[in-house]
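Asker: I'll drop the sequence and a predicted model, then ask my questions.
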Amino acid sequence: MDLALGSLHVQTHQPDHTLLMAELDKDRLRRWLSLMSLIRAFEEKAEDLFSRGLVHGTMHLSIGQEAVAVGASSALREGDYLLNHHRGHGHCLAWGSDVDLMMAEFLGKETGYCRGRGGSMHIANVEKNNLGANGIVGGGLPISVGVGLSIKMRGTDQVCLTIFGDGAANTGAFNESLNMASIWDLPVVYLCENNQYAMSMPAQKAFKIPTISLRAAAYGMPGVTVDGNDVLAVYDAVRQAAQRARRGEGPTLVEAITYRWRGHSKSDRQLYRTRDEIKEWQARDPIRRLARLLDMEDDELDEVARQARARIEEAVAFANASPEPDVSTILEGVYA
Amino acid sequence: MREITYVEAVREALSQKMSQDPTVFLIGEDLGVYGGAFGATAGLIQQFGDLRVIDTPISEAGIVGACIGAALTGFRPVGEIQFMDFVTLSMEQLVLQAAKIRFMFGGKARVPFVLRMPAGSGTGAAAQHSESLENWFVHVPGLKVVMPSTPYDVKGLLIASIEDDNPVIFVEHKLLYKVKGPVPEEMYRVPLGKSHVVRPGRDVTIVATSIMVQRSLQAAEQLAKEGIEAEIVDPRTLRPLDDEPILDSVVKTGKVLIVHEAVKMSGFGAEVAARIAESAAFDYLEAPIRRLAGLEIPIPYNRTLEYHAVPQVENIVAEARALAQLKV
Ligand SMILES: Cc1ncc(C[n+]2csc(CCOP(=O)(O)OP(=O)(O)O)c2C)c(N)n1
Ligand SMILES: [Mg+2]
């Protein structure tokens, strides 16, 4: 399929949907749909809590990008590693994290994944090899080299999924990391979640090339661009990249083109794009797309969304009932 | 006098200087249509166009390098680092290039640029968006470090910094952006390297920087009700440091409290304390020097922990009171 990005037409990797649908049973795909709905419900709740002044800080919502998180995580196995970025609630949920502990962290509670110290931008779940979101654009990229090196030295067949934005691809860290991972054939999957903007900077202005995956050639690794609103396409591309990594053949750069429906963060007036553009991308809703593939009726989909929202309400109740961190513990946790 | 906010004063200084001097331009992330993460450059792209208000990719080393290269060849760039935390990505260009070029070239080059950056906690942005790293730069010969605490100072110091022929690290504070104060409409300069007595008092000296000047002023009002008169000195420029007003104040009061948001260990307060200890003012001390600073932790996300991680008005009141009441 061709994706129209302004004046550019981008050739994307087109998975064989029929084959994939046959291979993946319907129950599994329904679980993906539920997970995507859960992510959306989490984000909508986060937004709601924010607008009611119940959250202190900032947040970056991934509404509209759910297929990237779910497609990628579903292509990996238990025991693989995750490094992700500031817009990371979806990746974290797709990684199988506990919604209660995530919401508690978002609300700064002691029961949260990071005991309320990290917050929205820093949720990690080290027990599950989720090595954390990152507040620094590109901050996780060099760390992926170390994780890849560690896997290689330990001789396991794990893979490190490293998710970052289009903006991160223009950091110096991107260059150093992809090169190092490539020369040492490290088992890393670099997933660039290209939502076409880095804050207000359109990817079309920040790059002189039509697709970020082209850069893979400069590092001697495969590069592929997929439609990031097609969960099957993301799944297929990440799975192939992971298989290559497990075979010891090194990293791959996967670029998933998607779109962020909301502002960059809470204070974004969105003067850099048009309402029409947002509407156009909302029409390509990744959740509705999967529902269509599953021949789901609207009321069925509504029911999935209702269940997701109910689960999120439980998480909010858990977080609300949780204690705040005790000020007497403020100095804890800096050193091991 | 007309009152405007700190962030408006920043914008006015930029706009007036750009109107007056065609070699001044702005470069950084999201400065144009977005107007800067905190609105400091709002409207300037409409006024000056995208050749003088330049949006960059997320490339902090590149932003500083662009400032250096343009400064070396005749411009006076003003770079912006969106949050002070990210200046860590520009450190090589700043510390190993900008700070040293003039000296290494035998004084035959000039690197006149300003790098603006918002520091500090209090917005719930957590550990990687709340740093106060000013003292990293205070340690580097060749750089100047400016940290304005009021709308009046931020305008005058920014204009003076742009006109300075050296690289200037210009540290703003996120919580100060909305603070209002009197600011003249015309252009004026507040000279770099001049400390300033913000409030006179006889009982205890408070040396404070940035947001802590505002908090110390509030603390001083409470202390005045108890009959304690605090004298507040704001260094404004941390490097070069004008220590005379600080030492004079210590001679007068005999007691000194130093307050800053950055962590205490090797913070700016250590330098101030050492200057006092090395000077004749030492003989006038009636009590040990005290420092109040950020706890030795990254800034926590949780609102209550974040509040307790850095000095607040009540902490300053308590420390200053204890010092003032100490019988010699
Ligand atoms: C090194 C660094 N520079 C700037 C920022 C501020 N910032 C946070 S997110 C962001 C945009 C990131 O864009 P992208 O990588 O495309 O991710 P997206 O937000 O679109 O998901 C910026 C500029 C930062 N966090 N870190
Ligand atoms: Mg982006």
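Answerer: Arrived safely. Ligands and ions are numbered 1, 2, ... in the order given.
Asker: my read is B:Ile4 is in a helix, agree?
Answerer: No: according to DSSP: H, G, I helix; E, B strand; the rest coil, B:Ile4 belongs to no helix; its state is strand.
Asker: pull the contacting residues for the closest residue to it other than its chain neighbours.
Answerer: Nearest non-adjacent residue to B:Ile4, counting by CB to CB, 6 or more residues apart in numbering or on different chains: B:Val183, 5.0 Å away. Heads up, the C-betas are built off the backbone N, CA and C, glycines and all. Listed by CB atoms under 8 Å, 6 or more residues apart in numbering or on different chains, the contact partners of B:Val183 are B:Met1, B:Arg2, B:Glu3, B:Ile4, B:Glu8, B:Ala9, B:Glu12, B:Pro151, B:Tyr152, B:Lys155.
Asker: could you redo the last one with a cut-off of 10 Å?
Answerer: Neighbouring residues of B:Val183 by CB atoms under 10 Å, 6 or more residues apart in numbering or on different chains: B:1-6, B:8-9, B:12-13, B:150-156.
Asker: how about A:Ile136?
Answerer: With CB under 10 Å, 6+ apart, A:Ile136 has these contacts: A:85-86, A:121, A:168, A:171, A:173, B:58, B:60, B:83, B:85-86, B:88-89, B:128-129.
Asker: now do B:Lys252
Answerer: Going by CB under 10 Å, 6+ apart, B:Lys252 touches B:Pro200, B:Gly201, B:Arg202, B:Asp203, B:Thr205, B:Glu231, B:Ala281, B:Tyr284.
Asker: roughly how far does the residue nearest to B:Ile4 sit from B:Lys194?
Answerer: Applying CB to CB, to the nearest Å, the value for B:Val183 to B:Lys194 is 18 Å.
Asker: same check, this time on A:Gly165
Answerer: Distance from A:Gly165 to B:Lys194, by CB to CB: 43 Å.
Asker: state the mean pLDDT of the longest helix along chain A.
Answerer: Assignment by DSSP state H gives helix A:26-51 as the longest helix of chain A. In this model, helix A:26-51 has a mean pLDDT of 97.
Asker: which strands or helices does the helix or strand hosting B:Ser161 pack on?
Answerer: If you go by DSSP states H and E, B:Ser161 is part of helix B:151-163. Applying 3 or more CB pairs under 10 Å, 6 or more residues apart in numbering or on different chains; DSSP states H and E, one finds that helix B:151-163 contacts strand B:3-5, helix B:6-20, strand B:76-80, strand B:114-119, strand B:144-146, strand B:168-173, strand B:180-182, strand B:237-239.
Asker: any idea which helix or strand comes after the fourth one?
Answerer: The element immediately downstream of strand B:114-119 (helix or strand, assigned by DSSP H and E) is helix B:134-138.
Asker: hmm, back to that, among the contacts of A:Ile136, which are in strands?
Answerer: For the contacts of A:Ile136, not one is inside strands, with DSSP state E as the criterion.
Asker: could you flag which of those residues are buried?
Answerer: Buried members of the contacts of A:Ile136, scored by 16 or more other CB atoms under 10 Å in any protein chain shown, are A:85-86, A:121, A:168, A:171, A:173, B:58, B:60, B:83, B:85-86, B:89, B:128-129.
Asker: for those residues, which one is nearest ligand 2?
Answerer: Among the buried ones among the contacts of A:Ile136, A:Ala168 lies closest to ligand 2 (CB to the ion), at 8.1 Å.
Asker: any idea how far A:Gln307 is from the closest residue in space to that closest one that isn't next to it in sequence?
Answerer: Counting by CB to CB, 6+ apart, A:Ala168 lies nearest to A:Gly138, which is 4.2 Å off, once chain neighbours are set aside. According to CB to CB, A:Gly138 stands 37 Å off from A:Gln307.
Asker: okay, those two: which has more neighbours?
Answerer: A:Gly138 (25 against 14; other CB atoms under 10 Å in any protein chain shown).
Asker: sorry, back to before: packing partners for the helix or strand following the longest helix of chain A?
Answerer: Per DSSP H and E, helix A:26-51 leads on to helix A:66-74 as the next helix or strand towards the C-terminus. Where contact means 3+ CB pairs under 10 Å, 6+ apart, helix A:66-74 is packed against helix A:26-51, helix A:89-94, strand A:160-165, strand A:188-194, strand A:223-227, helix A:231-246, strand A:252-257, helix A:286-293.
Asker: per-residue pLDDT of residue 163, please?
Answerer: Using chain A. Looking at A:Ile163, its pLDDT is 98.
Asker: chain B, not that one
Answerer: For B:Glu163, pLDDT reads 98.
Asker: go on, the one 4 residues further on?
Answerer: Reading off the per-residue confidence, B:Pro167 sits at a pLDDT of 98.
Asker: what number of residues lie near the closest residue in space to it that isn't next to it in sequence?
Answerer: Excluding its sequence neighbours, the residue lying closest to B:Pro167 (CB to CB, 6+ apart) is B:Ala98, at 4.2 Å. Neighbour count of B:Ala98, defined by other CB under 10 Å: 27.
Asker: try A:Leu49
Answerer: Neighbours of A:Leu49 (other CB under 10 Å): 17.
Asker: what's the burial count for the residue nearest to it when sequence neighbours are not counted?
Answerer: Distances taken as CB to CB, 6+ apart put A:Val55 closest to A:Leu49, at 5.1 Å, once the chain neighbours are dropped. A:Val55: 21 surrounding residues under other CB under 10 Å.
Asker: so what's the closest residue to B:Ser161 other than its chain neighbours up against?
Answerer: Using CB to CB, 6+ apart and skipping the chain neighbours, the partner closest in space to B:Ser161 is B:Val168 (4.2 Å). If a contact means CB under 10 Å, 6+ apart, then B:Val168 has B:78, B:98, B:112-116, B:137, B:143-146, B:157-158, B:160-162, B:192, B:237, B:239 as its contacts.
Asker: ok, residue 290 - contacts?
Answerer: Reading this off chain A. A:29-30, A:32-33, A:36-37, A:66-67, A:70-71, A:229-232, A:296, A:301.
Asker: not what I meant, chain B
Answerer: B:204, B:206, B:255-259, B:269, B:273, B:319-320, B:322-323, B:326 are the contacts of B:Arg290 under CB under 10 Å, 6+ apart.
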